[in-house]
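Chemist: sequence first, then the predicted structure:
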Amino acid sequence: QRPVEFYVNENTLKERLKLFFIKNQRSSLRIRVFHFSLKVLSCLLYICRVLTEDPATKKACSFLNYFHDYATRSPIIWVERSLPLWALQVISRNIGNIWEQILRISFILEMINTIPFLITMLWWPLRNLFIPVFLNCWLAKHALENMINDLHRAIQRTQSAMFNQVVILISTLLCLIFTCMCGIQHLERAGNKRNLFDSLYFCIVTFSTVGFGDVTPEIWPSKLLVVIMISVALVVLPIQLEQLAYLWMERQKSGGNYSRHRAETEKHVVLCVSSLKIDLLMDFLNEFYAHPRLQDYYVIILCPTEMDVQVRRVLQIPMWSQRVIYLQGSALKDQDLLRAKMDNAEGCFILTSRCEVDRTAADHQTILRAWAVKDFAPNCPLYVQILKPENKFHVKFADHVVCEEEFKYALLALNCICPATSTLITLLVHTSQGLEGQQSPEKWQRMYGKCSGNEVYNIVLRESIFFAEFEGKSFTYASFNAHKKYGVCLIGVCREGNKNILLNPGPHAVMSSSDTCFYINITKEENSMFKTQHEVKSNWLKKAGNDPKRLPVHSIIASMGTVAIDLQDTGIRPSCGTTLTLPGGGSNGGSRRPSIAPVLEVGDTSCAQTLELLHDHSEDEALPHSNEPSADEYVKGYPPNLPYIGSSPSFCHLLKERTPFCCLRLEKCCKHNCCEDARGYRFKNKVVIVSAETAGNGLYNFIVPLRAHFRPKRELNPIVLLLDNPPDTHFLEAICWFPMVYYTIGSIDNLDDVLRCGVSFAANMVVVDKESTMSAEEDYMADAKTIVNVQTLFRLFSNLNIITELTHPANMRFMQFKAKDCFSLALSKLEKKEREKGSNLAFMFRLPFAAGRVFSISMLDTLLYQSFVKDYMIPITRLLLGLETTPGSGFLCAMKIAEEDLWIRTYGRLYQKLCSSSGDIPIGIYRTDSQKAAPSASQISVNVDECEDAKELSSGHHGHRGSTSSDQTERPPLRRKSVQWARRLSRKGTRHAGRAGERGSQQRLNLSRRSERQELVELVKNRMKTLGLCAGAYGMGKDEMEDNQGTHSYVLINPPPDTRLEINDIVYIIRADPISFETKVTDSRKSSVESSTLTGSESKIETQL
């Protein structure tokens, strides 16, 4: 066999020379640089010849002296050229390869500048013949373009079109000016003999269209040259400018580049989105730049679509134009990631477009973007937003991940247990200074706006002024005293060397100097100013002396940080109860005020209250109720079937045996059940209805918080899923182990479907935004169907608490819309004022949002943005929502202040009561107040008239009483009395007529409302009778629509200690995990029971933990 040689042609001398001189970019670049240098040298030699020539010397050829006319023009043809200069010009023109240029466009210029010098070599007298060497500037321009192209190929630079076009335009303009200058200077040698500067001045003035006229060409060749150069400029320059403008417009669309030098000297983050909306952009920018240490950061937006008009208009604002750069490109291309300098970025935010019809496809795009960024820049921190929970495990490598459906359903579920949890979490994750509503005349708006500025911060205990003194003390002791002294709410800790955050680890947790403390406050400790005790007392005494309505004594004592404490024995309320027990007063209990036990510095594991906390208060449910399964059928454990990968297991109430799939269908009879509606099941507690389009995996996170192990069994509400589409088998396998969970097929559009679900006796109805309606031609119309359907339900079932999810937060103003409600109109004006001030929470004063009846998942986008500065916000939020369960960490719940609890009086005393009795940490209050309805215009006029009459009568009486004094001028004259009497007489008739008309209009309004309400009641009752449902007491009670219109609810996060408690206040508390208590008690006692086998189903589960 003969060996085969490959690439034989590459081994020849010709191919090697071609490879080195032509194909090799660096070798080609050297050659082009050499040619460019020769062209520039020729132009410089021409300038030297002009400067060294003596104008008085005139040389001409001998045979041309016979022609007088030619002799006159000889300075144009013959020039003075020294021998060394002639030699240099000959060498510079003939050293290159002439024949290589023959087939090129620049052949004519090369011939004009080369052949004359070859002729002078053959005939010596022609040495002084003029040769237009200055035309070499055009050859230099051509060489420069080739050189730049080779340079970009050598350095592998691809984004150079704009730079090339700018270089071409500048070089063309310089060549035009240089050619015209040299040509005018040479041709004017036969006229006024102008120098180079005068020629340059003439060219600049001419090309700039100024035309002073002080320097003009004298002879016709010069004038002809000017005409030619202007014609060339009028043709060439517009073409170059057009190409440059086109490239500039294309660059504006694509966004340009972020230079490597800026990336190395400045800090920037990259925002990757599939489509950029103005709301998304403003939410990100406002939240990102709300932190002081991020003011010097740059935001690079990488988006594959072209920038729309609204975004372009916003990015032209000086506040954003200097800090935000828009790049059109894809995160899947390394070239675009290189343009954004992703490898130098401080972080990358990858957001998903939630308005897509196919949300799974949107998640897939996000996953590919995250993979591409991780592959290109492995060290860049990733902040990823995912819509579907089943796709979350694909991006588990990211530093922070927020799954929209997980958070959404968990928030909606907690809204059914703890009212307005969505508002509480939204306010916590928004950056605010608490200045909203401070100019409002309403007290609740000022307090609500002030408390909305509370956020979660962290600090190491040994570096803190708030908590350093509590080293070695119990957690509850540190939390209570920090709130009493500084007004901060300590909610959790993180041990050194452990990444898990513990919310309220309980009274047995001892604070260590290396612990990281997490607290709620208006501002972080580093930005706080501490006053001495003398300044605080002096300011308080000054305010107390000037304020006639100063606080009660017990509130003043609490605010000063010294709560009266009695060391008597106190009663302990059940840990899962909803009221606080009144301490026993002993023999003299009726003569002295109740007091609160002190918060212990170190938890006592042997005290009875710990055993009380560990007691299962659902044991009183051992007697089975006739309407629901007995308590023996319930066990505590982890759900055996998780719906998706990455779901955090939660300890829940489960059934011993799973429910058959046929029994999960609420309105269908089966061999196990014959009920066809919710009324037939005779539930003990009110129903919670969830209206959703499909039974997605995220709906599983709605069920888990409502079946958490710490909820008493007697308080479990039945859950009915109202689905537009039938669920799949995997979802049914996941929910069949939970007690009292059902589904039905239907929609809230259909009154019959809603009635079968038991809406007439439901506690809450949650309306989830449908995926099919999230995208609309007009963005804000995506919520139109949901809003109208909810408004219909609100009119039909006014006593139903409806919790609605919207796509756009701006549409929440249409929830429970009342066109002629003066209170809502006043809130609308307040919202506009706050938005003009630049507030990020302008929508917070809308009544549906403040009361927790409306929620938009886009309001939680700030959670991902805040994690760039506060990396602990996502774990804390997941713990509060129950999405994660860390051993030893507490959970969020609520308790209601009843009338028998008002003896506590203030929030500070409640804080002490909870910390000393059950180890709970309160974090806020949900309060409901009555609205002060704004009077109508006629009522205002009547009131003003009555006030004026009263003033006139009182002034008359005062005048009469004062008539006995020596000053007779105070008595009103007779004319004034008659005028007042006439005015009252003239108003008398109109006033009575106005009152009668007002009374009649009010009666007509009430009659119309009553008749409309009666029609709605009859409609619902007729439908219930048709369906065979028992109407019951529907419509028989008082109309609660009027009650709802007369009240408003709001959330107070971490209120001051002297805040007075009111009846029906709902207090948000973080309750310690009783399982962790049991573990600690067992470890501390070291008894023989520890090694014995525990009996009973509850003990077996706790042993497994």
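Modeler: Now that the structure is in, tell me what you want to look at. Treat the numbers as computed from the prediction; the structure is a model and nothing was measured.
Chemist: where do the helices sit along the stretch 101-250 of the chain?
Modeler: 107-122, 136-154, 161-187, 196-207, 220-254 (DSSP state H, counting those that start in this stretch).
Chemist: between those helices, which one is closest to residue 1059.
Modeler: Of all the helices of the stretch 101-250 of the chain, the one in closest proximity to residue 1059, counting by CB to CB, is helix 220-254 (54.6 Å). (Glycine included, C-beta is placed from N, CA and C.)
Chemist: part of a helix, is residue 824?
Modeler: Yes - under DSSP: H, G, I helix; E, B strand; the rest coil, residue 824 sits within a helix.
Chemist: roughly how far apart are the residue nearest to it when sequence neighbours are not counted and residue 1046?
Modeler: Nearest residue to residue 824, sequence neighbours excluded (CB to CB, 6 or more residues apart in numbering): residue 818, at 6.0 Å. Remark: distance between residue 818 and residue 1046 (CB to CB, to the nearest Å) = 12 Å.
Chemist: what do you get for residue 792?
Modeler: 22 Å.
Chemist: residue 320 sits in which helix or strand?
Modeler: Using DSSP states H and E, residue 320 falls within helix 318-321.
Chemist: got the CA coordinates for that helix in PDB?
Modeler: Coordinates of each C-alpha in helix 318-321 appear next as PDB, following Å, rounded to 0.1, in the frame of the first residue of the first chain:
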ATOM      1  CA  PRO A 318     -31.800  61.700  32.600                       C
ATOM      2  CA  MET A 319     -32.300  59.700  35.900                       C
ATOM      3  CA  TRP A 320     -32.300  56.500  33.900                       C
ATOM      4  CA  SER A 321     -30.400  57.300  30.700                       C
END
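Chemist: now the helices of the stretch 101-250 of the chain in a markdown table, with mean pLDDT?
Modeler: As requested, those are arranged in a markdown table below (pLDDT from 0 to 100):
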| stretch | mean pLDDT |
| --- | --- |
| helix 107-122 | 71 |
| helix 136-154 | 76 |
| helix 161-187 | 85 |
| helix 196-207 | 86 |
| helix 220-254 | 82 |
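Chemist: right, so of the ones you listed, which gets closest to residue 413?
Modeler: Nearest of the helices of the stretch 101-250 of the chain (CB to CB): helix 220-254, 44.9 Å.
Chemist: tell me which residues in that closest one are buried?
Modeler: For helix 220-254, burial by neighbour count (16 or more other CB atoms under 10 Å) applies to 221, 222, 225, 226, 229, 233, 240, 247, 254.
Chemist: tilt between that helix and helix 196-207?
Modeler: Angle between the axes of helix 220-254 and helix 196-207 is 60 degrees (criterion: axes from the mean of the first three to the mean of the last three CA atoms, to 10 degrees).
Chemist: tell me where the model's unsure across the stretch 501-650 of the chain.
Modeler: For the stretch 501-650 of the chain, the stretches flagged by pLDDT under 70 are 529-594, 603-632.
Chemist: go again with 80.
Modeler: Residue ranges of the stretch 501-650 of the chain with pLDDT under 80: 526-595, 601-633, 644-648.
Chemist: average model confidence for the helix or strand hosting residue 325?
Modeler: Applying DSSP H and E as the criterion places residue 325 in strand 324-328. The pLDDT scores in strand 324-328 average 90.
Chemist: from the contact counts, what lies against the helix holding residue 320?
Modeler: On a contact count with 3 or more CB pairs under 8 Å, 6 or more residues apart in numbering; DSSP states H and E, helix 318-321 meets no helix or strand.
Chemist: hmm, who's touching it?
Modeler: 285, 314, 315 (CB atoms under 8 Å, 6 or more residues apart in numbering).
Chemist: ok, those vs residue 693, which is closest?
Modeler: Of the contacts of helix 318-321, the one sitting nearest to residue 693 (CB to CB) turns out to be residue 285, at 32.2 Å.
Chemist: after the strand holding residue 325 comes which helix or strand?
Modeler: Strand 324-328 is succeeded, C-terminally, by helix 334-339 (DSSP H and E).
Chemist: export that following helix as PDB, just CAs?
Modeler: Extracted in PDB, the C-alpha atoms of helix 334-339 (Å, rounded to 0.1, in the frame of the first residue of the first chain):
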ATOM      1  CA  ASP A 334     -22.300  34.100  23.400                       C
ATOM      2  CA  GLN A 335     -21.800  37.200  21.300                       C
ATOM      3  CA  ASP A 336     -24.700  39.000  23.000                       C
ATOM      4  CA  LEU A 337     -23.500  37.900  26.400                       C
ATOM      5  CA  LEU A 338     -20.100  39.200  25.600                       C
ATOM      6  CA  ARG A 339     -21.700  42.600  24.600                       C
END
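Chemist: list the buried ones in it?
Modeler: Neighbour-count burial for helix 334-339 flags 336, 337, 338, 339 (criterion: 16+ other CB under 10 Å).
Chemist: how near is the first one to residue 803?
Modeler: Note on residue 336: its distance to residue 803, by CB to CB, is 42 Å.
Chemist: which SSE is immediately downstream of whichever helix or strand residue 449 is part of?
Modeler: For residue 449, the host element (DSSP H and E) is helix 443-451. Scanning forward in sequence from helix 443-451 by DSSP H and E, the next helix or strand is strand 455-460.
Chemist: tell me the mean pLDDT over that following strand?
Modeler: Here strand 455-460 scores 93 as its mean pLDDT.
Chemist: please enumerate residues in contact with that strand?
Modeler: Contact with strand 455-460 is made by 428, 430-432, 466-467, 491, 494, 514-526, 870, 872-873, 876, as judged by CB under 8 Å, 6+ apart.
Chemist: just the buried residues of those residues.
Modeler: Buried subset of the contacts of strand 455-460 (neighbour count, 16+ other CB under 10 Å): 428, 430-432, 466-467, 491, 494, 515-522, 525, 870, 872-873, 876.
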